[in-house]
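Asks: one predicted model, sequence on top.
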Amino acid sequence: MGAQFKRTTADVIDQARATDLVWLAESYGVKMHRQGKDFFGLCPFHSESSPSFTVYSKSAGRQRYHCMGCGADGDPIQFVQEYEGVGFRNAVKRILGELPASGATPTPASNQKAPPPEPEEVWTPIYPVPASAPNRPDILNRKIKGEWHALVVSRRWAYRNQAGEVIGYVCRFDLPGGGKEVMPQVWAASSDTGECRWRWQSFSKPRPMYGLDKLAKHPNAQVLAKEGEKAADAAQQRFVDLGISLDKLVVVSWPGGGKAVKHVDFSPLAGRSVGLWPDADQQVYPDRHERAGLVMPFLEQPGTVAMLDVWRAIRDVASVKLILPPEGVEDGWDLADPLPAGFSLLAHIKASSVDPATLVRDNESAESESGGVLIDSHALIAEFERLQAERADALPVRDEGERSLRSSVVTYDKELSQHSDGIVDALLQHPTQDNVALVFRRQFEGQLLYAHSHGKWFEWDGTRWAREETDKAFNYAREIARRMNTEGKSSLGSASFCKGVEQFARADRAFAVAGTEFDTDNYLLNTPAGIFDLRTNTMRPHDQRDRITKSTEVSPIETGGERFLRFLHEITGGDASLAKFLQVSLGACLSGAVESHWMLFWTGTGRNGKNSLGDLVMYIMGDYAKKIPSSTLMAKSYEAHPTEIANLQGARLAVSSEVADGDHWDEARINELTGDETLSARFMRGDFFDFRRTHKHLIFGNHRPQLRTTTDALKSRIKIVPFRQSFKGREDPTLPARLRDEAGFVLYWLLQGHAAWIASGRKLPHCAVVEEESEDYFASQSTVEAWVSERIITTPEDGRAARQWPRAGDLFHDYQSWKQDRGEQPISQTRWGETMAKLFKKCTANGIRYVGAVLKPR
């Protein structure tokens, strides 16, 4: 046995990490096969039939492993930790022979006592998660019934501190064959080495509540506690839908479920009015119980027990009510489930809120039909009752147009009746187009803008300045003219009169803008829920002064996404690095930042998921995404109309599809659309105008367009992303709709990708398959360089006379024939000559010649 060591020193750790990982894996029964510099085998951490487990060398000859199927990744120490399920210190010992592998029993010498067991490595969560932490893993390797499975996160809930900073997550995994598993995920530091990484482990005790950030942001809000993050989020949304904002009510939860209540810090609820809503559990006594098979009483149901434990923890510092779950629902029902038919949430809370002390003090009364004491004076119930009354009294409005018109008429009448400075009287006495336009201004200043570069009115709809396409301004002018026409003059009712009013309004400084004022901040992303600042990753309310005209289709939602994450896993073949590349590259398209010069080309045969993903992202980005013909980027025998470029004004993502077989890239256009800061274009029958580039380009197609030349600039700009999976014969026609149902989560996923892009210095992450596909693509192009490689013998300069080298014309003629044999159009002799001059020394002797370029015989 080797020398004993008391602690894992840096030298010992370094020795363990330098272990031959191929030998180590094979010692655990993993058969490895060499392919080039790397070794491949079946992954020991999940079931698979084709090898996806790779051992490769990094700097200084150190080896690491990575599984393309389940995402397992690490060094020799992490391999043993994962395989054996041991801590860091014991993994080091096993590698160095100081501790037998699992299943073996050490046999100390008869005259020597076995050394006392050393304390296991302790991982301490770090709060908050630092900005430097890498992206969290989405895969948990779990052994189920003797087989390894790569479980993919189906839902994730972020826990935040009072400042809104992430301190960890709770993740849900859907198990094969049904069921679920919930695991906390924290950023933790090792007690042995100080190493920090993501860990599947619990929060430190006392554990934080779910919703601390909302409690801090809304100190006067009342609180509803639900068991489980999913139920809490669903409940919060239900109340928001009823018009109850977070300023009035915050829904919270805690990690670990009912059995973990005693480990939670509920002190943030001090001084609050709190409602506790247990799940509608209807469990029966177990077989060993004397009342086996009978339904347990309400006070003994797990959900009720959990809420009563919460009540005991806060009853001395908070005003608490227990809300009885509705009758007639299924076992385990909560607010994440569909509401019963005819169910009124507010009415139920008012009628079913009881004092927990009453239930505990008088069990029989609590279980009877008249059980519980209704306390209408409780602040939470009183607020719900007031809001319910407000909603009942509210007048319905059919649509936004009617609301705007009714508002303008009411305001106008009010001004006419209350104004006392004589101006309105003068306007009424002389209802000219100009005077009516002045009233128009008084009515709609702050609600309408006229952009002269667009030739369009824009109306504030509460979330953005929306382009108006239905002549509302003309209709508003008509309504005002009609009300001012007290004498029934026919001229005031004419279309020309109202059009004149609108013309005056267009030039009024209250409405007139050039149009360049719109959407100027490239790092603001407008959503239906508010404006997301991509620099600070924070949301704020909509503001007319931002002059934003665009919006995403949905708002970000941090929860959900089970089907999308499974879809992503399927289309990437489980390649975690490819999934991350897609997340970061697509996330980067949320902002109008164009410091990086690149475009994406997704390639692969049909039925591989690329169109579904591209269409989903376009839908989510709403006004920020534009679809333009792929011909915009392809070489043509005619000059395209500049409208194709004009349509890109203000876009964040430009999408093209359906690339034809045999198409060639227009290299100059690619350089323009990915490199120029300012673009010039015009709309049909319009004048040319300049605008700042804000878009990034995504093209996807079954065919890879050809290049006539390759340059370092093009190689750095075109990112070829392969989609190699095939779902032919197993297509799901409902998939697009199901993915759209999770669009809010996908937007959150994209926002995380943008944050990662910014954190990396606006660089796309390394992805082996993207780099391999891109290298293969450029190597396969029928360029001048490819012709030289195939048809030219590169000969060292040997002192021969210049005239003894082949003429440039003969070389170009051979190049033309070579291209035509491939069914391709050769580039011009001028461009060909420019490339040749970079490859060979040019000389002149009865025409141009290239030193060292000798044609191979045909």
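Replies: That came in fine, so what should we check first? None of the values given here were measured: they were computed from a predicted structure.
Asks: correct me, but residue 166 touches residue 160?
Replies: Yes: using CB atoms under 8 Å, residue 166 is in contact with residue 160, at 5.7 Å. Every C-beta, even on glycine, is put in place using the N, C-alpha and C of the backbone.
Asks: what touches both of these two?
Replies: Residues within reach of residue 166 and of residue 160 at once, by CB atoms under 8 Å, 6 or more residues apart in numbering, are residue 128.
Asks: give me the residues contacting stretch 501-514.
Replies: 433-434, 436-437, 440-441, 444-445, 448-453, 473-474, 477, 480-481, 547.
Asks: let's go with 10 Å and repeat that
Replies: 431-442, 444-455, 457-458, 465, 471, 473-478, 480-481, 492, 547 (CB atoms under 10 Å, 6 or more residues apart in numbering).
Asks: just the buried members of those?
Replies: Burial of the contacts of stretch 501-514 was assessed by neighbour count (16 or more other CB atoms under 10 Å); the buried members are 431, 433, 435-442, 444, 447-451, 453-454, 457-458, 465, 473, 476-478, 480-481, 492, 547.
Asks: run through the neighbouring helices and strands of the helix or strand harbouring residue 153.
Replies: Under the criterion of DSSP states H and E, residue 153 resides in strand 147-160. Counting contacts by 3 or more CB pairs under 10 Å, 6 or more residues apart in numbering; DSSP states H and E, strand 147-160 is packed against strand 139-144, strand 166-174, strand 180-190, helix 212-217, helix 229-241, helix 562-571, helix 576-587, helix 743-759.
Asks: and the closest residue to residue 137 other than its chain neighbours, how many residues sit next to it?
Replies: Ranked by CB to CB, 6 or more residues apart in numbering and with sequence neighbours excluded, the top spatial neighbour of residue 137 is residue 198, at 5.7 Å. By the criterion of other CB atoms under 10 Å, residue 198 has 17 neighbours.
Asks: quick one: contacts for residue 198?
Replies: The contact partners of residue 198, taken as CB under 10 Å, 6+ apart, are 129, 133-137, 168-169, 185-188.
Asks: list the neighbouring strands of the helix or strand where it lies plus their orientation.
Replies: Assigned by DSSP H and E, residue 198 falls within strand 196-199. Using DSSP bridges, strand 196-199 pairs in its sheet with strand 180-190 (antiparallel).
Asks: buried ones in the strand it pairs with, by neighbour count?
Replies: Here strand 180-190 shows 182-190 as buried, counting by 16+ other CB under 10 Å.
Asks: taking strand 166-174 as reference, get the angle to it.
Replies: 150 degrees (axes from the mean of the first three to the mean of the last three CA atoms, to 10 degrees).
Asks: lowest confidence element among the helices and strands of this protein?
Replies: helix 400-418 (a mean of 37; mean pLDDT, DSSP states H and E).
Asks: and the pLDDT at the residue nearest to residue 727 when sequence neighbours are not counted?
Replies: Nearest non-adjacent residue to residue 727, counting by CB to CB, 6+ apart: residue 607, 4.9 Å away. Here, the pLDDT recorded for residue 607 equals 81.
Asks: wait, residue 607 touches residue 735, no?
Replies: No: using CB atoms under 10 Å, residue 607 makes no contact with residue 735, being 11.4 Å away.
Asks: overlap in contacts of these two?
Replies: With CB under 10 Å, 6+ apart as the test, residue 607 and residue 735 both reach residue 727.
Asks: and residue 54, what helix or strand is that in?
Replies: Residue-wise, residue 54 maps onto strand 53-57 under DSSP H and E.
Asks: let me redo that: residue 275
Replies: Counting by DSSP H and E, residue 275 is part of strand 273-276.
Asks: tell me how far stretch 21-29 lies from the chain's centre.
Replies: Relative to its parent chain, stretch 21-29 has a centroid offset of 38 Å by CA atoms, centre = their mean, to the nearest Å.
Asks: ok, stretch 216-227 next?
Replies: 27 Å.
Asks: what comes up buried for that stretch?
Replies: Buried residues in stretch 216-227, defined by neighbour count with 16+ other CB under 10 Å: 218, 221-227.
Asks: follow-up on the earlier one: helices or strands up against the following helix or strand past the strand holding residue 275?
Replies: Counting by DSSP H and E, the next helix or strand C-terminal to strand 273-276 is helix 302-314. On a contact count with 3+ CB pairs under 10 Å, 6+ apart, helix 302-314 meets strand 222-225, strand 273-276, strand 319-323, helix 356-361.
Asks: for the third one, packing partners?
Replies: Counting contacts by 3+ CB pairs under 10 Å, 6+ apart, the secondary-structure elements packed against strand 319-323 are strand 222-225, strand 273-276, helix 302-314, helix 345-351, strand 353-354, helix 356-361, helix 379-393.
Asks: so residue 462 is in contact with residue 542, correct?
Replies: Yes: at 6.8 Å, residue 462 and residue 542 qualify as touching, with contact defined as CB under 10 Å.
Asks: shared neighbours, the two?
Replies: The contact sets of residue 462 and residue 542 overlap at residue 528 (CB under 10 Å, 6+ apart).
Asks: each with direction, which strands does the strand holding residue 153 pair with?
Replies: Strand 147-160 has its sheet partners listed here by DSSP bridges as strand 139-144 (antiparallel), strand 166-174 (antiparallel).
Asks: and among these, the most buried is which?
Replies: strand 166-174 (a mean of 21; mean count of other CB atoms under 10 Å).
Asks: so residue 183 makes contact with residue 201?
Replies: Yes: using CB under 10 Å, residue 183 is in contact with residue 201, at 8.3 Å.
Asks: residue 446: what's it in contact with?
Replies: Residue 446 touches 460, 510-511, 544, counting by CB under 10 Å, 6+ apart.
Asks: just the buried members of those residues?
Replies: Here, 16+ other CB under 10 Å leaves 460, 511 buried among these.
Asks: and the contacts of residue 446, which is closest to residue 253?
Replies: Closest approach between the contacts of residue 446 and residue 253, by CB to CB: residue 544, at 36.3 Å.
Asks: give me the beta-bridge partners of residue 56?
Replies: residue 64.
Asks: number the residues from 11 up from this point.
Replies: Done: numbering now begins at 11, and the last item shifts to residue 66.
Asks: look up how far residue 801 lies from it.
Replies: 37 Å (CB to CB, to the nearest Å).
Asks: on the pLDDT front, check residue 409 for me.
Replies: For residue 409, pLDDT reads 37.
Asks: sorry, slip of the keys, the one I care about is residue 628.
Replies: On the pLDDT scale, residue 628 gets 94.
Asks: roughly how far is the helix or strand containing it from the heart of the chain?
Replies: Here residue 628 sits within helix 620-631, counting by DSSP H and E. Per CA atoms, centre = their mean, the displacement of helix 620-631 from the mean C-alpha position of its chain is 12 Å.
Asks: pretty sure residue 748 sits against residue 577.
Replies: Yes: using CB under 10 Å, residue 748 is in contact with residue 577, at 8.6 Å.
Asks: of those two, which one has the most company?
Replies: Remark: of residue 748 and residue 577, residue 577 carries more neighbours, 21 against 13, as counted by other CB under 10 Å.
Asks: so who does the closest residue to the more buried one other than its chain neighbours touch?
Replies: Distance criterion CB to CB, 6+ apart; nearest residue to residue 577, sequence neighbours excluded, is residue 749 at 6.4 Å. Residue 749 makes contacts with 571, 573-574, 577, 622-623, 625-626, 629-630, 755-756, as judged by CB under 10 Å, 6+ apart.
Asks: okay, residue 749: pLDDT?
Replies: For residue 749, the pLDDT comes out at 93.
Asks: do the same with residue 535
Replies: Confidence score, pLDDT, at residue 535: 95.
Asks: how much space separates residue 684 from residue 760?
Replies: For residue 684, the distance to residue 760 - CB to CB - is 20 Å.
Asks: same question for residue 53.
Replies: For residue 53, the distance to residue 760 (CB to CB) stands at 30 Å.
Asks: just to revisit the earlier point, include mean pLDDT and distance to residue 722 when you put the helices and strands packed on helix 312-324 into CSV, please.
Replies: Putting these into CSV (pLDDT from 0 to 100; distance: least, CB to CB, whole Å) gives the following:
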stretch, mean pLDDT, distance to residue 722
strand 232-235, 95, 59
strand 283-286, 94, 63
strand 329-333, 92, 66
helix 366-371, 74, 71
